[in-house]
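Engineer: attaching a predicted model along with its sequence, questions to come.
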Amino acid sequence: MNKVLIVDASESYRRLMSGLLTQAGYKTITVDTIEQAIEAVAQLLPGAVVVAAMKFAHGTVQELVNWQKREGYKFPVIAVVDNLNPLEIADVMKDGGAVNIIQRPAIDKQLVEMVRNYAKPENIILTLSDDLIPRQSDDFRRIEMSIRKIAATNANAIIFGESGTGKEQIAKQIYHRSPRAQKPCTIIEAGGAALVGRHDPESGHSEMYNRMEGYFKKADGGTIIIKNVQLLSLDKQSVLLHILENDHPDVRVICTAEPELLKMVSEKRFRPNLFYILRQADITVPPLREVTEDIESLSDYFLTRYAQKTHQDKKRLDVSATKALKLHPWSGNVRELKDVVLFAAFHTSEEVITASDFKFSQSEPEPDTSLRLQNPGKEKAKIIAALQQAKGNKTQAAKLLGIDRSTLRYKLKQFRLD
């Protein structure tokens with residue numbers, strides 16, 4: 001919630017302005033002296049606005065602006081003026097002074113809109129915990145069952161899914177529910193540069209080997225989570241394979257991967273022997289567009305967390321909002337849904353969010369129009385599309401999908417489409 005600092009010698013005007021802004025969803029701080037104003041400005045968070053009378057106890061709006069400039073603060077200051085002529089108004093606003101003015105008699109008509117023009121959105125960041133967000137779909141219930149089963153073993157696992165589907169939370173849940181939960185968990189970003197460690201020229205090993213070995217020593221008896229394992233270079237793949245095959249570390253490895261990893265294995269861009277060591281068990285997380293029944297529960301979770309963070313009453317979606325969310329393609333999946341819902345919650349002052357409150361991105365990646373099964377996160381939708389295109393002819397549908405009829409029968413059973 002954005003804060004507005006009100007500086008005015010008149011108690012009645014302070015109450016009036018505070019009431020108007022509080023009703024509009026802003027949190028106000030009211031003071032009447034230059035000393036209090038300076039102290040309050042120093043405590044403001046980004047996005048705040050200052051509304052100050054031309055004169056108040058021990059100071060003026062110009063003195064407050066000059067103090068801000070000297071100290072490096074850049075909060076916009078709106079000056080409340082008493083029937084100044086144009087030349088006087090220009091003097092108040094010159095040289096980086098007040099950003100705008102409000103005539104005192106027009107406070108009730110102009111204040112809220114003026115503040116809204118200068119208040120910048122807070123950086124509402126919801127840091128999601130390692131807990132799974134409650135969801136309603138059968139697919140997610142099966143994922144929860146798989147988590148429990150895999151956690152009870154020491155098997156390495158790969159969590160497949162598009163970007164933004166929540167793969168890392170699932171990987172962490174396997175760790176937290178496993179017997180290894182009392183031992184360390186180290187998280188590595190495969191595409192990052194953060195393989196830390198010291199090069200030991202006397203060891204006979206490469207620097208990369210020593211760095212990666214350091215991660216396994218740190219996680220001894222515990223778990224390593226490798227995020228976006230498909231981004232490992234061939235050199236890093238070779239080092240990881242050597243450690244797993246020859247050193248036999250007492251570490252479980254859980255990887256997250258986008259579906260392209262399967263194609264990389266078939267094209268030998270990812271070492272098959274390493275892949276099968278890492279994929280002793282797997283979970284596929286469907287994209288949000290295939291489990292639209294989860295959208296309401298996910299949105300409700302984000303709105304609940306938003307209300308808790310901002311200390312506001314919880315907002316809700318109306319029928320039009322829910323319909324709009326279910327029709328959106330969600331290339332960014334759950335992460336994109338969170339951003340869209342939070343943006344709407346912040347920018348509407350109403351208790352109910354409607355479809356018109358949403359701002360959907362107009363820039364989307366090129367869609368994958370191929371029906372060939374190279375992406376486990378999209379298989380179900382592609383099989384349905386192929387059957388529809390083939391008008392129910394399974395032989396023809398199998399040809400469209402690039403698989404044989406027996407594989408199609410297996411997939412139909414797997415996705416309960418038979």
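Structural biologist: Arrived safely, thanks for sending. Numbering: from 1, shown residues only.

Engineer: CA only for contacts and neighbour counts going forward, please
Structural biologist: Fine.

Engineer: quick one: the strands in this structure?
Structural biologist: Along the chain, counting by DSSP state E, strands occupy 3-7, 27-31, 49-53, 55-56, 59-60, 77-81, 100-103, 157-160, 185-189, 223-227, 252-257, 281-284, 316-317, 352-353.

Engineer: nearest to S146, out of the ones you listed?
Structural biologist: Nearest to S146 among those is strand 281-284; the distance by C-alpha to C-alpha comes to 7.1 Å.

Engineer: list the contacts for A257?
Structural biologist: I158, I159, F160, G161, E162, K227, N228, V229, Q230 (C-alpha atoms under 8 Å, 6 or more residues apart in numbering).

Engineer: domain assignment for the protein?
Structural biologist: For the chain, automatic domain parsing gives the domain ranges 3-118, 138-285, 289-356, 379-414.

Engineer: what mean pLDDT does the longest one get?
Structural biologist: Which is domain 138-285. Averaged over domain 138-285, pLDDT sits at 89.

Engineer: reformat the strands of the chain as a markdown table; add distance to A40.
Structural biologist: Output for those, formatted as a markdown table (distance: least, C-alpha to C-alpha, whole Å):
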| stretch | distance to A40 |
| --- | --- |
| strand 3-7 | 7 |
| strand 27-31 | 8 |
| strand 49-53 | 10 |
| strand 55-56 | 15 |
| strand 59-60 | 15 |
| strand 77-81 | 13 |
| strand 100-103 | 21 |
| strand 157-160 | 49 |
| strand 185-189 | 41 |
| strand 223-227 | 43 |
| strand 252-257 | 46 |
| strand 281-284 | 51 |
| strand 316-317 | 34 |
| strand 352-353 | 33 |
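
Engineer: out of those strands, deepest packed?
Structural biologist: strand 49-53 (a mean of 27; mean count of other C-alpha atoms under 10 Å).

Engineer: of all the strands of the chain, which lies closest to Y306?
Structural biologist: strand 316-317 (11.3 Å).

Engineer: which other helices and strands contact the closest one?
Structural biologist: Applying 3 or more C-alpha pairs under 8 Å, 6 or more residues apart in numbering; DSSP states H and E, one finds that strand 316-317 makes contact with strand 352-353.

Engineer: distance from the chain centre to the strand it packs on, please.
Structural biologist: Mean-position distance between strand 352-353 and its chain equals 21 Å (C-alpha atoms, centre = their mean, to the nearest Å).

Engineer: got the contact list for A324?
Structural biologist: Counting by C-alpha under 8 Å, 6+ apart, A324 touches A355.

Engineer: ok, it to R177 distance?
Structural biologist: A324 is 36 Å from R177, where distance means C-alpha to C-alpha, to the nearest Å.

Engineer: low-confidence stretches in the stretch 251-400 of the chain?
Structural biologist: Counting by pLDDT under 70, the ranges of the stretch 251-400 of the chain that qualify are 362-378.

Engineer: only the buried residues of stretch 31-50, if you could.
Structural biologist: By neighbour count with 16 or more other C-alpha atoms under 10 Å, stretch 31-50 contains the buried residues V31, D32, T33, I34, A37, A40, V41, L44, G47, A48, V49, V50.

Engineer: any idea how far P287 is from F140?
Structural biologist: To P287, F140 is 11 Å away according to C-alpha to C-alpha.

Engineer: ah, wrong one, I meant Q182
Structural biologist: Between Q182 and P287 the distance is 32 Å, computed by C-alpha to C-alpha.

Engineer: compare the two (neighbour count), which wins?
Structural biologist: Counted by other C-alpha atoms under 10 Å, Q182 and P287 do not tie: P287 has more neighbours, with 23 against 11.

Engineer: now that one. Its backbone dihedrals?
Structural biologist: phi -70, psi 160 (degrees, to the nearest 10).

Engineer: S406 and K394: what is the separation?
Structural biologist: 10 Å.

Engineer: neighbour-wise, which of those two wins?
Structural biologist: The neighbour comparison of S406 against K394 (other C-alpha under 10 Å) goes to K394, with 18 against 12.

Engineer: contacting residues around the more buried one?
Structural biologist: Per C-alpha under 8 Å, 6+ apart, neighbours of K394: L387, R405, L408.

Engineer: ok, V251 next?
Structural biologist: F216, A219, D220, G221, G222, T223, I224.

Engineer: which phi and psi does it have?
Structural biologist: Dihedral angles (degrees, to the nearest 10) for V251: phi -140, psi 130.

Engineer: one step back: of the buried residues of stretch 31-50, closest to F302?
Structural biologist: Nearest to F302 among those, counting by C-alpha to C-alpha, is G47 at 21.9 Å.

Engineer: measure the closest one to Y26 for me?
Structural biologist: G47 is 11 Å from Y26, by C-alpha to C-alpha.

Engineer: please apply the same query to K338.
Structural biologist: Taken as C-alpha to C-alpha, the span from K338 to Y26 is 23 Å.

Engineer: between these two, which one's more packed in?
Structural biologist: More crowded of K338 and Y26, by other C-alpha under 10 Å: Y26, with 21 against 18.

Engineer: which phi and psi values does the more buried one adopt?
Structural biologist: Backbone torsions of Y26, given as degrees, to the nearest 10, read phi -100, psi 150.

Engineer: I figured it hits V4, correct?
Structural biologist: Yes: using C-alpha atoms under 8 Å, Y26 is in contact with V4, at 6.9 Å.

Engineer: is the nearest residue to I101 once chain neighbours are set aside in a bridge, and if so with what?
Structural biologist: Excluding its sequence neighbours, the residue lying closest to I101 (C-alpha to C-alpha, 6 or more residues apart in numbering) is A79, at 4.7 Å. Beta-bridge partners of A79, counted by DSSP bridges, are A52, I101.
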